[in-house]
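# output the structure for:
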Amino acid sequence: MDPIDILSALAEETRLEALRLLWDGQEHCVCELMKRLGASQSRMSRHMGVLKVAGLVIDRRDAQWVRYRRNPNLDPKIIAVVEAVLALPARDRRAAA
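A predicted model of the protein is given here:
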């Protein structure tokens, strides 16, 4: 996993909110993510692609749907970084950018 890809993936609010949902360790259908985050299918797919390239999530095709979940093989150091970012209040994340 490239640290630049990971940090870039964490630098966008919709991706952070998607990670927040996926961080429970369960699978979530892209349709659920779209609904909960108010994103179109194409926008959600782009964001999930970034998270996947960064190695933060994995996916599984289920008929016409794609289901995502947190990558179970993440390095503990990466998990600590993601959890630290997710713990920041939204205004602090924007101020740090």
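
# contacts only, for the residue located most distally from the centre of the chain.
The outermost residue of the chain relative to its centre, with distances by Cα atoms, centre = their mean, is A63 at 21.9 Å. Neighbouring residues of A63 by Cβ atoms under 8 Å, 6 or more residues apart in numbering: there are none. Using the backbone N, CA and C atoms, a C-beta is placed for each residue, glycine as well.

# any idea how far G38 is from it?
24 Å (Cβ to Cβ, to the nearest Å).

# R70 now?
For R70, the distance to G38 - Cβ to Cβ - is 21 Å.

# tell me which of these two has more neighbours.
R70 (21 against 10; other Cβ atoms under 10 Å).

# count residues in the vicinity of the closest residue to the more buried one other than its chain neighbours, would you?
Leaving out its chain neighbours, the residue that sits closest to R70 by Cβ to Cβ, 6 or more residues apart in numbering is L22, at 4.9 Å. When neighbours are counted by other Cβ under 10 Å, L22 registers 21.

# who touches the residue positioned nearest the centre of the chain in this structure?
Residue closest to the average C-alpha location in the chain (Cα atoms, centre = their mean): L19, at 3.3 Å. L19 makes contact with L10, L51, L56, V57, R70, V82, L86, according to Cβ under 8 Å, 6+ apart.
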